[in-house]
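J.: Below are the sequence and a predicted model; questions follow.
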Amino acid sequence: MPEPLTSDAFLAACTVEPAVFDLRPDYRAMLLVVDGLTPGAEAASGAADALIAAAEAHARTALASSPVDELPHIAAWRAAYRAFGAKPQRTRNSLEALTRRAEHGLPRVNALTDIYNAVSVLHQVPLGGEDFHAYRGPARLARATGEEPFDTTADGGTVIEHPEPGEVVWCDEEGVTCRRWNWRQGRRTALTDSTTTAFFILDALAPMSDAALDAAADELANALAQLGDRVSSSRRMIGAS
């Protein structure tokens, strides 16, 4: 069995295939690995509560002046979905799905998930979280062949699905970890209450700037730093140039 990658080696090996940049040259992925998390840390609940309250208030303010599908970054992601054949009114990008829910109250899952969901809404950026130690090899963003396995659940049981050919998917060496760029994450690499090292992906399109993307990663890293005495993080941004 190969040795697991260090955080820095993992980040350096992650890739976005040229076919994805052909679709959206303005795409950037901010990748963040956070290590040293303490499951059940006492500060976890408080940190999540404050961020969720701020995110819900932010969503109510934004939606008071604009339909959700006309918010700038959500509109950009709807266009990106249409570019690879997905129907955004049927399969909503994660940012739109969360913003719609935030107006009436974000779901509570676990501290890690609650924190990154709140940061996603506050900074209006699609954001996914994975258990770093469940990942097999580096992350790769690609357009699917349609043969890749996707481990998920249906009717209470585990099932293997396959993406549509041409669909944009995040993968590791065992299969798809997230379908349709940021629509639906898989079961195999999901964050749990015992996760000690987490891997986050922040997806940006224009008009979101690099500075705004950095600010979102900063707030996520700072919030998670409360979840342990020796929390550390490392990051890498991948863009077309």
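T.: Yep, it's here.

J.: in the top helix by length along the chain, what's buried?
T.: Using DSSP state H, we find that the single longest helix of the chain is helix 42-65. Neighbour counts using 16 or more other Cβ atoms under 10 Å place 44, 47-48, 51-52, 55-56, 58-59, 62 of helix 42-65 among the buried residues. The way it works is simple: take the backbone N, C-alpha and C, and place the C-beta from them, glycine included.

J.: Which entry within these corresponds to the minimum pLDDT?
T.: Within those, residue 44 has the lowest pLDDT, namely 65.

J.: May I ask which helix or strand of the protein has the lowest mean pLDDT?
T.: Within the chain, no helix or strand scores below helix 42-65, which has a mean of 88 by mean pLDDT, DSSP states H and E.

J.: which helices and strands sit right next to the next helix or strand after that helix?
T.: Remark: after helix 42-65, the chain's next helix or strand is helix 72-83, criterion DSSP states H and E. Packing partners of helix 72-83 (3 or more Cβ pairs under 8 Å, 6 or more residues apart in numbering; DSSP states H and E): helix 94-102.

J.: contacting residues around whichever helix or strand comes after the helix it packs on?
T.: Going down the chain from helix 94-102, the next helix or strand is helix 111-123, by DSSP H and E. For helix 111-123, contacts defined as Cβ atoms under 8 Å, 6 or more residues apart in numbering pick out 37, 41, 44-45, 47-48, 51-52, 54-56, 58-59, 94-95, 98-99, 102, 106-109, 125-129, 191, 195, 198, 200, 212, 215-216, 219-220, 223-224, 227.

J.: Let's see the PyMOL selection covering just the buried ones among these.
T.: Buried residues within those, by 16+ other Cβ under 10 Å, are selected in PyMOL with:
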select buried, resi 37+41+44+47+48+51+52+55+56+58+59+94+95+98+99+102+106+125+126+127+128+129+191+195+198+200+216+219+220+223+224+227
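
J.: which residue packs closest to residue 88, ignoring adjacent ones?
T.: The shortest distance from residue 88 to any non-neighbouring residue, by Cβ to Cβ, 6 or more residues apart in numbering, is to residue 78 (4.0 Å).

J.: How many neighbouring residues does the one you found have?
T.: For residue 78, the neighbour count with other Cβ atoms under 10 Å is 19.

J.: is it true that it touches residue 96?
T.: Yes. Contact status for residue 78 versus residue 96: in contact at 7.3 Å, counting by Cβ atoms under 8 Å.

J.: Mind listing the shared neighbours of these two?
T.: The contact sets of residue 78 and residue 96 overlap at 69, 88 (Cβ under 8 Å, 6+ apart).

J.: follow-up on the earlier one: does anything pack onto the longest helix of the chain? Which helices or strands?
T.: helix 94-102, helix 111-123.

J.: Now distance to residue 233 too, for the buried residues of helix 42-65, in CSV please.
T.: Formatted as CSV, those follow (distance: Cβ to Cβ, whole Å):
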residue, distance to residue 233
44, 16
47, 15
48, 17
51, 17
52, 21
55, 20
56, 25
58, 23
59, 26
62, 28
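
J.: any idea which helix or strand carries residue 177?
T.: Applying DSSP H and E as the criterion places residue 177 in strand 175-179.
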